[in-house]
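Novice: This is a predicted model, with the sequence first.
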Amino acid sequence: MLIMEVRGVEQIIHELQDMTYLSWAKTRNSSGTGGSFLKAYEEGTDGKVYYKLSNYDAWKGIIGHECVNEIIADRLLSLLGIEHLPYQLIHAKVLIDQREHVTWLCASKDFKQRGESKLALDAWYQVERLPDESPMDFCVRMGWEDTIYQMLVVDCLILNRDRHGANMEVLRNARQKTVRLAPLFDHGLSLLSRCESTEAMLREDVMADKPVQCFVGSRSAWENLQLIPVDKRPQLHPLTQDARDTLLAGLADALDERWLDRIWEMIWRRWQAYENLCHQG
């Protein structure tokens with residue numbers, strides 16, 4: 001059994017781990033592309049540890065790099081000073097449909113506190129919303145606007161395509177009668193994950209505004225920034241060009257350097273565009 005280390009220690013495990021004992025459940029790719037995302041879990045010494053793989057195709061095998069994206073997004077959120085679920089990247093051998101695969105998977109701990117249960121935000125919204133209340137207005141009324149506005153900025157920076165209503169969760173403690181929004185999680189379908197080859201990746205316009213799923217916003221990541229009132233724009237720790245080393249450290253074994261270079265270009269240029277927007281008032 002592999003137990004996650006504490007935050008900041010061994011975020012990437014390069015040594016190949018035998019994790020063929022895990023049982024993987026298939027979750028269809030909600031983005032509309034071919035393939036599935038497989039998930040597994042095990043009981044650790046201090047709770048459950050959840051694992052997930054990048055995009056899996058029954059014929060081609062594990063073909064995506066969404067797990068690497070999770071680590072990059074994790075680090076980006078840390079640099080920006082945004083609360084989120086931390087991830088660990090693990091080089092592992094797994095068994096799927098009686099076939100062994102050597103891949104990179106990511107792991108995370110359960111973010112629920114003792115006594116809490118979780119529910120998808122869209123389900124909670126359906127139960128608790130007021131008549132004619134939009135998802136955004138609902139979140140503002142619940143006092144979650146700061147987290148939502150931070151999320152919209154980050155999702156624009158990484159072009160997160162999959163922020164549907166179940167990729168945001170509500171945590172409830174019935175005994176203490178508390179309700180809170182879970183830390184941000186699940187950022188894999190972002191950056192250049194839609195590119196199916198190196199050639200396609202090199203041709204990609206890193207500033208493009210591709211259609212996104214956003215439960216609280218629109219289909220446009222750039223337009224979603226306009227949903228943030230000027231006086232409510234998140235006070236984030238600014239990115240600098242030195243952030244590249246922090247974001248991409250140790251990932252060359254998991255993803256080709258050409259991809260890493262373009263991912264950094266994407267994040268940096270989109271950050272500059274966001275800063276320009278803020279300076280315009």
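Specialist: On my side now, so go ahead.
Novice: quick one: the strands in this structure?
Specialist: Using DSSP state E, the strands found in the chain span residues 12-18, 25-28, 36-44, 47-52, 56-57, 61-62, 88-96, 99-109, 117-120, 162-163, 169-173, 178-181, 213-214.
Novice: what packs against the fifth one?
Specialist: Taking 3 or more Cβ pairs under 8 Å, 6 or more residues apart in numbering; DSSP states H and E as the contact definition, the neighbouring helices and strands of strand 56-57 are strand 36-44. (C-beta placed from N, C-alpha, C; glycine too.)
Novice: just checking, what packs against the strand it packs on?
Specialist: Where contact means 3+ Cβ pairs under 8 Å, 6+ apart, strand 36-44 is packed against strand 25-28, strand 47-52, strand 56-57.
Novice: Columns mean pLDDT and distance to residue 279 on top of those strands, output as TSV?
Specialist: Formatted as TSV, those follow (pLDDT from 0 to 100; distance: least, Cβ to Cβ, whole Å):
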stretch	mean pLDDT	distance to residue 279
strand 25-28	61	41
strand 47-52	92	38
strand 56-57	90	43
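Novice: would you turn the ones you listed into JSON lines with mean neighbour count and distance to residue 178?
Specialist: JSON lines is the format used below for these (neighbours: other Cβ atoms under 10 Å; distance: least, Cβ to Cβ, whole Å):
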{"stretch": "strand 25-28", "mean neighbour count": "11", "distance to residue 178": "29"}
{"stretch": "strand 47-52", "mean neighbour count": "18", "distance to residue 178": "19"}
{"stretch": "strand 56-57", "mean neighbour count": "18", "distance to residue 178": "37"}
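Novice: Tell me which of those strands lies nearest to residue 186.
Specialist: Among the helices and strands packed on strand 36-44, the nearest to residue 186 by Cβ to Cβ is strand 47-52 (8.7 Å).
Novice: Okay, now the sheet partners of that closest one, with direction.
Specialist: strand 36-44 (antiparallel), strand 99-109 (antiparallel) (DSSP bridges).
Novice: Could you tell me the least trusted of the ones you listed?
Specialist: Mean pLDDT is lowest for strand 36-44 out of these, coming in at a mean of 89.
Novice: how about that strand as PDB, C-alpha atoms only?
Specialist: Taking Å, rounded to 0.1, in the frame of the first residue of the first chain, the C-alpha atoms of strand 36-44 are listed here in PDB:
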ATOM      1  CA  SER A  36     -12.600   7.100 -20.100                       C
ATOM      2  CA  PHE A  37     -11.100   8.300 -16.800                       C
ATOM      3  CA  LEU A  38     -10.400   5.500 -14.400                       C
ATOM      4  CA  LYS A  39     -10.500   6.000 -10.600                       C
ATOM      5  CA  ALA A  40      -9.500   3.900  -7.600                       C
ATOM      6  CA  TYR A  41      -9.100   4.300  -3.900                       C
ATOM      7  CA  GLU A  42      -7.600   2.500  -0.900                       C
ATOM      8  CA  GLU A  43      -7.700   3.000   2.900                       C
ATOM      9  CA  GLY A  44      -4.700   4.800   4.200                       C
END
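Novice: List the buried residues for stretch 240-258?
Specialist: Buried residues in stretch 240-258, defined by neighbour count with 16 or more other Cβ atoms under 10 Å: 243-244, 247-248, 251, 254-255.
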